[in-house]
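> This is the structure alone, sequence omitted:
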DNA sequence: AAGCGTTTGTGAAAAACTTCACATGAAGGC
DNA sequence: GCCTTCATGTGAAGTTTTTCACAAACGCTT
Ligand SMILES: NC(=O)c1ccc[n+]([C@@H]2O[C@H](COP(=O)([O-])OP(=O)(O)OC[C@H]3O[C@@H](n4cnc5c(N)ncnc54)[C@H](O)[C@@H]3O)[C@@H](O)[C@H]2O)c1
Ligand SMILES: NC(=O)c1ccc[n+]([C@@H]2O[C@H](COP(=O)([O-])OP(=O)(O)OC[C@H]3O[C@@H](n4cnc5c(N)ncnc54)[C@H](O)[C@@H]3O)[C@@H](O)[C@H]2O)c1
């Protein structure tokens, strides 16, 4: 482990922390002030021990015999995840999928905001529900630099994905949420999370036939 | 390992098999007939040893000194994954996201077909691009039973997700691809794959700030 | 203030997964 | 037909992640 603050938290733990955070949010909505590792773990679909191990990576927040304070734990987790402040995100590729994502009003309350979208053909009619500007590709680099954008959602056709990704990275983007069904080649310090629906379906299909 | 056919392939391996399959498809498009574990692994973003271990779980297909036959390997993998035959899938919740998924023409060539969609308000205008029927919720159970549907894509609002999931499961669905940002409670033998974009973004955000 | 029931935090054990190292097998040239 | 080259397949070692088991800590009751 590293010496201070960051004991190298496993990737999977980080993923689960996000889940815990959402479960805690729902508890808070229901005005529940305290929760045991058992209850929270059940809500998150994991084992209580795992939840406690996950939390132990970055502190000890519980009260023995009682459980965790919902508000305090929420705060600590979102602090650790770095989502306490709103992150600006851009989207590239305003097609069927991109449009659905743009019009989704659920990201803001999770700490993200899609502040602009880019497309090769930005002449697209302004959808009534969409409030973000849709800009041309030639404006992308300067926009990214000016706004210090670090993350992008990539929903262009597969054939264009690598080229667009390269431009994003050149412009300073460090994290890409990639919807196109190809493996992007990127430098080590750039992070790509892939969302591939065909793979998810294939996966389901395999495990239900067993 | 079990005695025949199914040596208990790790979950992560299954996931990677899907990725290999897609890389192989691209090689085939480029008329490449043979590939080494090194080349394929690079394309898939994994280590060559891992690729070979993954394949070893269900057979030995390579030729030493030469590599793998692209066609043969594709066939074996899709056989193992059970995607050699087209799987019928339904979608529930034809909103912004559901509509984008319905109009996507990329699933068929991956072995899946969304054969129908269901919504609480099916009176929705038939989009020109959508060829699937959009039916009411009262028709769902009988449709699932008649067509032997085993998988469903769930893109209803969070508040409705659990209720709809219950109905899907009662009707015989064994696998759910869940887009709503909640953890579904399901019986053991039902499999849920979650796609949670907020979590993916949060994850990116964490790892790029380190 | 002591006892009781509950639940955390955590080393240690187990399981799962990845990487290493190299023997083995196949193809093609000489 | 043998030898060289290349790349697979795999036992063993290494690493990471999960689970177990239980002592320690806290609140509440008496
Ligand atoms: N729609 C879905 O449900 C779905 C499902 C799974 C995966 N995907 C993947 O998501 C991606 C987008 O899918 P879609 O259905 O929205 O496609 P789409 O064709 O509807 O939209 C693609 C958009 O990207 C734009 N574009 C094309 N080339 C570009 C470039 N070089 N630079 C910038 N913009 C460019 C196009 O103008 C278009 O607006 C694809 O890679 C697809 O495989 C989509
Ligand atoms: N749109 C996005 O980009 C996006 C991104 C991330 C997550 N999600 C999640 O995906 C889900 C759908 O999102 P959306 O933006 O498409 O929402 P939406 O409101 O546009 O669509 C929801 C659809 O579900 C239908 N519906 C509502 N209750 C129903 C019920 N009980 N039975 C059947 N159908 C019902 C509605 O009629 C509507 O057509 C939500 O859970 C959302 O949180 C969406």
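Received the coordinates, thanks. Since we're looking at a predicted model, the values are computed, not measured. Ligands and ions are numbered 1, 2, ... in the order given.

> other SSEs contacting the lengthiest strand in chain A?
Criterion DSSP state E: the longest strand present in chain A is strand A:112-119. Applying 3 or more C-beta pairs under 8 Å, 6 or more residues apart in numbering or on different chains; DSSP states H and E, we find strand A:112-119 packed against strand A:87-92, helix A:96-102, strand A:134-136, helix A:140-147, helix B:197-209. Quick note: C-beta positions are derived from backbone N, CA and C, even for glycine.

> is the last one anywhere near DNA strand D?
In other words, helix B:197-209. No: on the criterion C-beta under 7 Å from any atom of the strand, helix B:197-209 is out of touch with DNA strand D, staying 12.6 Å away.

> for stretch A:38-58, same thing?
Yes: against DNA strand D, stretch A:38-58 shows contacts by C-beta under 7 Å from any atom of the strand at A:46-47, A:49-50, A:53.

> starting at the chain centroid, how far to that stretch?
Stretch A:38-58 sits 20 Å away from the centroid of its parent chain (C-alpha atoms, centre = their mean, to the nearest Å).

> Any part of that stretch near chain B?
Yes: against chain B, stretch A:38-58 shows contacts by C-beta under 8 Å from any C-beta of the partner chain at A:43-45.

> Adding distance to DNA strand C, write the residues you listed out as a markdown table.
Converted to a markdown table, these look like this (distance: C-beta to the nearest atom of the strand, whole Å):
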| residue | distance to DNA strand C |
| --- | --- |
| A:43 | 12 |
| A:44 | 13 |
| A:45 | 16 |
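
> which of the residues you listed count as buried?
Burial by neighbour count, 16 or more other C-beta atoms under 10 Å in any protein chain shown: within those this picks out A:43-44.

> so what pLDDT did the nearest residue to residue A:94 once chain neighbours are set aside get?
Distance criterion C-beta to C-beta, 6 or more residues apart in numbering or on different chains; nearest residue to residue A:94, sequence neighbours excluded, is residue A:119 at 4.2 Å. On pLDDT, residue A:119 comes in at 96.

> can you tell me which residues contact residue A:119?
Residues near residue A:119 by C-beta atoms under 8 Å, 6 or more residues apart in numbering or on different chains: A:92-95, A:98, A:134-137.

> try it again with 7 Å
A:93-94, A:134 (C-beta atoms under 7 Å, 6 or more residues apart in numbering or on different chains).

> and of these, the nearest to DNA strand D?
Comparing the contacts of residue A:119 against DNA strand D with C-beta to the nearest atom of the strand places residue A:93 closest, at 31.2 Å.

> mind checking how far the closest residue to residue A:66 other than its chain neighbours is from ligand 2?
Closest residue in space to residue A:66, ignoring its immediate chain neighbours: residue A:34 at 6.3 Å, by C-beta to C-beta, 6+ apart. Look at residue A:34 and ligand 2: by C-beta to the nearest ligand atom, to the nearest Å, they are 28 Å apart.

> What count of nearby residues applies to residue A:34?
For residue A:34, the neighbour count with other C-beta atoms under 10 Å in any protein chain shown is 16.

> Surely it is in contact with residue A:63?
No: using C-beta atoms under 7 Å, residue A:34 is not in contact with residue A:63; the gap is 8.2 Å.

> Just the buried subset of the residues of stretch A:38-58 next to DNA strand D, please.
residue A:46.

> In helices, which of the residues of stretch A:38-58 next to DNA strand D fall?
If you go by DSSP state H, the residues of stretch A:38-58 next to DNA strand D have A:49-50, A:53 in helices.

> Identify, from these, the entry nearest to ligand 1.
Of all those, ligand 1 sits closest to residue A:50, with 31.0 Å by C-beta to the nearest ligand atom.

> Quick check: closest non-adjacent residue to the closest one.
In space, residue A:50 is closest to residue A:41, 6.9 Å off (C-beta to C-beta, 6+ apart).

> With residue A:135 instead?
Per C-beta to C-beta, 6+ apart, closest to residue A:135 is residue A:118, 5.3 Å.

> so where's the longest helix in chain A?
helix A:11-29.

> is ligand 2 contacted by it?
No: Helix A:11-29 lies apart from ligand 2 when judged by C-beta under 6 Å from any ligand atom; the minimum separation is 11.2 Å.

> re the thing from before, just send the contacts of residue A:119 back as JSON lines, with distance to DNA strand D, pLDDT and neighbour count too.
Conversion of these to JSON lines gives the following (distance: C-beta to the nearest atom of the strand, whole Å; pLDDT from 0 to 100; neighbours: other C-beta atoms under 10 Å in any protein chain shown):
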{"residue": "A:93", "distance to DNA strand D": "31", "pLDDT": "96", "neighbour count": "24"}
{"residue": "A:94", "distance to DNA strand D": "35", "pLDDT": "94", "neighbour count": "24"}
{"residue": "A:134", "distance to DNA strand D": "39", "pLDDT": "94", "neighbour count": "21"}
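
> Which one of these is nearest to residue A:171?
Proximity of the contacts of residue A:119 to residue A:171 was ranked by C-beta to C-beta; the top entry is residue A:93 with 15.6 Å.

> Contact partners for that closest one?
A:119, A:154-156.

> tell me the domain ranges of chain A?
For chain A, automatic domain parsing gives the domain ranges A:11-80, A:87-200.

> Could you tell me which residues of chain A lie near ligand 1?
Counting by C-beta under 6 Å from any ligand atom, chain A sits next to ligand 1 at A:92-98, A:119-121, A:137, A:155-158, A:160, A:164, A:179-181, A:197.

> Restricted to buried residues, select the residues you listed in ChimeraX.
Applied in ChimeraX, the following selects the buried portion of these according to 16+ other C-beta under 10 Å:
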select /A:92,93,94,95,96,97,98,119,137,155,156,164,179,180,181,197
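
> any idea of the mean pLDDT in the longest helix of chain A?
Per-residue scores along helix A:11-29 average to 95.

> In it, which residues are buried?
Buried, per 16+ other C-beta under 10 Å, within helix A:11-29: A:13-24, A:27.

> Tell me which residue in chain A sits closest to ligand 1.
residue A:95 (1.6 Å).

> Contact partners for the residue lying closest to that residue once chain neighbours are set aside?
Nearest non-adjacent residue to residue A:95, counting by C-beta to C-beta, 6+ apart: residue A:155, 6.5 Å away. Contact analysis of residue A:155 by C-beta under 7 Å, 6+ apart lists A:91, A:93, A:95, A:97-98, A:101, A:179.

> Dihedrals phi and psi, residue A:155?
phi -130, psi 50 (degrees, to the nearest 10).
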